[in-house]
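>>> can't give you the sequence, but here's the structure:
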């Protein structure tokens, strides 16, 4: 266990993108919130006083808490996209880089197995990176909430909703839920990138992109289907949301704004579907495929000619 933890620490030391990318993303999100607060002069609802009064009567304290929670939870979206890109670029170079600079010969001389090495890189990509992103999300949410509190200080009672313990319990629970599920959901993709990194004779980026594209094109020409394209799309944030929130994850998570009414979940806990997610066949099939890819990456690192 100590060797495995040491390997993870080594990866974090060498791959600074683990913490630099979330820091940059947080700076952009907070900076954008501050910029919007400074340069937006007023808020227009586009309603007359009667319509606005009807809408206000429909926005109960519970609905306002849910609206504030979801607004803050939306900060997770850019971080999810960021994690996908950092996982991709880190993973395709994780094993190839060792072969390129021949440092793999040094690491293989140490009492550390190939399986431990590959699994440490998988852990960094699927666990450490999402965990670092979650920290960035929380910092960003505090910054966005502070900027919104200043901008909306003139709205009576808004501060109580923005800083409500109920709101933040919902927000933090949703943050944790999204990141934990994303750790499991992206395993097959990261495992495939690691396999390409272990096998590619050169330019793993090209192999990681062109091989799936070629397979999709071949499937379309031969069978006239798009099964592989659909499978890859499901591994995007859109597919993740559809599985962890149910069907409502693809169309607003249950939030429907009408002219004089608002339909929304009373609590964010009500839109989380952990049992349904764990029962999803795509999850377990993806984990099995990921295990096969990881086994292939371990085999390639162990037996492939490292002088290539």
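That came through, no problem. A quick note: this is a predicted structure, and the numbers were derived from the prediction, not measured. Numbers count the residues shown, from 1 in each chain.

>>> what helix or strand is residue 86 on?
Using DSSP states H and E, residue 86 sits in helix 76-94.

>>> pLDDT of that helix, averaged?
Averaged over helix 76-94, pLDDT sits at 92.

>>> next structured bit after it?
Remark: after helix 76-94, the chain's next helix or strand is helix 96-100, criterion DSSP H and E.

>>> report the buried residues of that next one.
96, 97, 98, 99 (16 or more other Cβ atoms under 10 Å). Every residue, glycine included, has its C-beta placed from N, CA and C.

>>> can you map out the helices along the stretch 101-250 of the chain?
103-108, 114-123, 129-151, 158-162, 165-185, 187-199, 204-223, 227-234, 237-244 (DSSP state H, counting those that start in this stretch).

>>> out of these, flag the one nearest residue 71.
Within these, the stretch nearest residue 71 is helix 129-151; the backing value is 7.8 Å (Cβ to Cβ).

>>> give the rounded mean pLDDT of stretch 245-264.
The average pLDDT for stretch 245-264 rounds to 55.

>>> hang on, the earlier thing: name the nearest of the buried residues of helix 96-100 relative to residue 10.
Scanning these for proximity to residue 10, where the rule is Cβ to Cβ, the winner is residue 98, at 11.5 Å.

>>> from what I can see the closest one touches residue 104, true?
Yes - if you go by Cβ atoms under 8 Å, residue 98 and residue 104 touch, sitting 3.8 Å apart.

>>> turn the helices of the stretch 101-250 of the chain into a markdown table, columns for distance to residue 24 and mean neighbour count.
Converted to a markdown table, these look like this (distance: least, Cβ to Cβ, whole Å; neighbours: other Cβ atoms under 10 Å):
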| stretch | distance to residue 24 | mean neighbour count |
| --- | --- | --- |
| helix 103-108 | 27 | 14 |
| helix 114-123 | 22 | 21 |
| helix 129-151 | 9 | 20 |
| helix 158-162 | 25 | 17 |
| helix 165-185 | 18 | 20 |
| helix 187-199 | 21 | 25 |
| helix 204-223 | 21 | 14 |
| helix 227-234 | 26 | 14 |
| helix 237-244 | 19 | 18 |
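
>>> who wins for proximity to residue 290 among those?
Among those, the nearest to residue 290 by Cβ to Cβ is helix 187-199 (3.9 Å).

>>> before we move on, back to that, of all the helices of the stretch 101-250 of the chain, which one is nearest residue 300?
helix 187-199 (3.8 Å).

>>> list the neighbours of the closest one that are in contact with it.
Outside helix 187-199, the residues that touch it by Cβ atoms under 8 Å, 6 or more residues apart in numbering are 87-88, 91-97, 118, 121-122, 125-126, 204, 207-208, 211, 235, 286-287, 289-294, 296-297, 300-301, 304.

>>> the same query, at a cut-off of 7 Å, please.
87-88, 91-96, 118, 121-122, 125-126, 204, 207-208, 235, 286-287, 289-290, 293-294, 296-297, 300-301, 304 (Cβ atoms under 7 Å, 6 or more residues apart in numbering).

>>> only the buried subset of those residues, as a PyMOL command please.
Burial among the contacts of helix 187-199 is assessed by 16+ other Cβ under 10 Å; the matching PyMOL selection reads:
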select buried, resi 87+88+91+92+93+94+95+96+118+121+122+125+126+204+207+208+235+286+289+290+293+294+296+297+300+301
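
>>> how long is stretch 221-234 from one end to the other?
22 Å (Cα to Cα, to the nearest Å).
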